[in-house]
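Engineer: sequence unavailable; structure follows:
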């Protein structure tokens, strides 16, 4: 009886093992039959504004069902195209990351449609100690003297004039993969035409400062700026109002003036009879 139990268990184990082997063989065969496409990928890191050539590219097998839209299958289609953004090694070459056909290389290729590039002078303080790098976003602040208003002198004011401005390049470098701070003398910003006019006026009337902000922070905060009076709490007090004039005292009615003759007479009442005696 014990032998029969052992034989039954052995047979059951063999059946389970055979089923598992058949399933595994089917899974491997299905994996081997996955359809793949040849996709062009970057063979090296490609900087924004770079002109692409055959030495920068290679082809890899990519699952057909996972091929990203806009991918290229032939490297010849990418000859002399311009990279609009940074492309890492092994990353598929996508049409959305390239400048339109006919675009020349350089910084102008990475400027977004409808935007302008404008360069401002900076130092190690204005340039946020070199941490304002290509691809970062900054706010632009100006410190200037306000114009006179009537007889009142213009006040010194510090105000944020532009928010969330993209840094395109520092000095002559537009690479966005470096995280090491770079102290440079000029920073190129991507602006709308209206913001370009604001920045041009701001740098002519005062001193500029760049304020580094979080990459994902898209909130804008409109402020009225701050003056010295508001900073140090020395705002001018409102002029004191003149004290009201005291109300005129009420006039008393004049006392009746008694005649001199009346003042020298005395009325005497005796036994109900009034008698007047004058002196």
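Structural biologist: Here it is on my side, so go on. None of the values given here were measured: they were computed from a predicted structure. Numbers count the residues shown, from 1 in each chain.
Engineer: neighbouring strands - and their directions - for whichever strand or helix holds residue 143?
Structural biologist: Residue 143 is located in strand 137-145, with elements delineated by DSSP states H and E. Here strand 137-145 is paired, per DSSP bridges, with strand 156-170 (antiparallel), strand 206-213 (antiparallel).
Engineer: residue 94 against residue 78, yeah?
Structural biologist: No - counting by C-beta atoms under 8 Å, residue 94 stays clear of residue 78, with 10.6 Å between them. For glycine as for every other residue, the C-beta is placed from the backbone atoms N, C-alpha and C.
Engineer: overlap in contacts, those two.
Structural biologist: The contact sets of residue 94 and residue 78 overlap at residue 72 (C-beta atoms under 8 Å, 6 or more residues apart in numbering).
Engineer: of those two, give the one with the bigger neighbour count.
Structural biologist: A direct count of neighbours by other C-beta atoms under 10 Å for residue 94 and residue 78 places residue 78 higher, at 19 against 16.
Engineer: where does the residue lying closest to the more buried one once chain neighbours are set aside fall, phi/psi-wise?
Structural biologist: Spatial nearest neighbour of residue 78, chain neighbours left out: residue 52 (5.1 Å); criterion: C-beta to C-beta, 6 or more residues apart in numbering. Residue 52 adopts backbone torsions of phi -90, psi 140, taken as degrees, to the nearest 10.
Engineer: what is the neighbour count of residue 52?
Structural biologist: For residue 52, the neighbour count with other C-beta under 10 Å is 21.
Engineer: check what pLDDT it gets.
Structural biologist: Predicted confidence (pLDDT) for residue 52: 90.
Engineer: same check on residue 1?
Structural biologist: With respect to pLDDT, residue 1 has a value of 57.
Engineer: cool, the one 10 residues further on as well?
Structural biologist: With respect to pLDDT, residue 11 scores 79.
Engineer: and it, that one's in a helix?
Structural biologist: Yes - looking at residue 11 with DSSP: H, G, I helix; E, B strand; the rest coil, it is inside a helix.
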